[in-house]
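Q: Sequence and predicted structure are below.
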Amino acid sequence: MEFQINYIAVLVAVIVNFMLGFIWYTPLFGKVWAREMRMDTSVTPTRGQMAKGLITTLIGNFLLVYVFAHNLEAWTFVPDMNEMPRSGTILNSAIFTWLGFFVPVDINSVAWEGRSWKLFFINTGYHLLTLLVSATILTLW
């Protein structure tokens, strides 16, 4: 048995998640997110700060999707998993990964960093959406 990762699907998921992050944290929730993060919105980041942030985000998106692709592929070796509808694979992989890995970290930011529940829901909603988008692209491609 050999893992067969579709690197084109990984690349597409990385780009789609990057664009989704821009939409999520700029026009949709940008002002509320910045307020909840206690950011001074009158200060504009320098080009260097923006470049560093964008590159770091792309690397993070790649790591997320690449590891998630391996996780999805690993489940194909479980007997009878191929009988599950693709929608089940998408939902199970995204929701259980979100519940097991993202929600605990996001809740800890409320418990230990003093972040608001509003910020929790903005961030964890984005995390769930990126996993659903990634699972959809990786499963259907």
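A: The structure has been received and is ready for your questions.
Q: Might you report the residue contacts of Asn6?
A: For Asn6, the contacting residues are 69, 138, 141, by C-beta atoms under 8 Å, 6 or more residues apart in numbering. Placement of C-beta: from N, CA and C, glycine included.
Q: 10 Å - rerun?
A: With contacts taken as C-beta atoms under 10 Å, 6 or more residues apart in numbering, Asn6 has the following neighbours: 12-13, 69, 73, 137-138, 141.
Q: One more: Thr44?
A: Per C-beta under 10 Å, 6+ apart, neighbours of Thr44: Met50.
Q: Number the chain from 14, please
A: Right, with 14 as the first residue, what we last looked at is Thr57.
Q: in this protein, what secondary structure element scores lowest on mean pLDDT?
A: Within the chain, judged by mean pLDDT, DSSP states H and E, the helix or strand with the poorest mean is helix 99-110; its value is a mean of 92.
Q: for that helix, packing partners?
A: Taking 3 or more C-beta pairs under 10 Å, 6 or more residues apart in numbering; DSSP states H and E as contact, the helices and strands that helix 99-110 lies on are helix 60-88, helix 130-153.
Q: got the contact list for the nearest residue to Leu71 once chain neighbours are set aside?
A: Counting by C-beta to C-beta, 6 or more residues apart in numbering, Leu71 lies nearest to Phe31, which is 6.1 Å off, once chain neighbours are set aside. Taking C-beta under 10 Å, 6+ apart as the definition of contact, the neighbours of Phe31 are 67, 70-71, 73-75, 143.
Q: out of those residues, which one sits closest to Met50?
A: Thr70 (15.5 Å; C-beta to C-beta).
Q: just checking, the closest one touches Phe35?
A: Yes - distance between Thr70 and Phe35: 9.1 Å, which falls inside the contact criterion (C-beta atoms under 10 Å).
Q: between the two, what contacts are shared?
A: When contacts are counted by C-beta under 10 Å, 6+ apart, Thr70 and Phe35 are jointly contacted by no residue.
Q: Secondary structure element holding the residue nearest to Leu71?
A: Using DSSP states H and E, the secondary-structure element containing Phe31 is helix 20-36.
Q: If you count neighbours, what's buried in that helix?
A: 22-23, 25-27, 29-31, 33-34 (16 or more other C-beta atoms under 10 Å).
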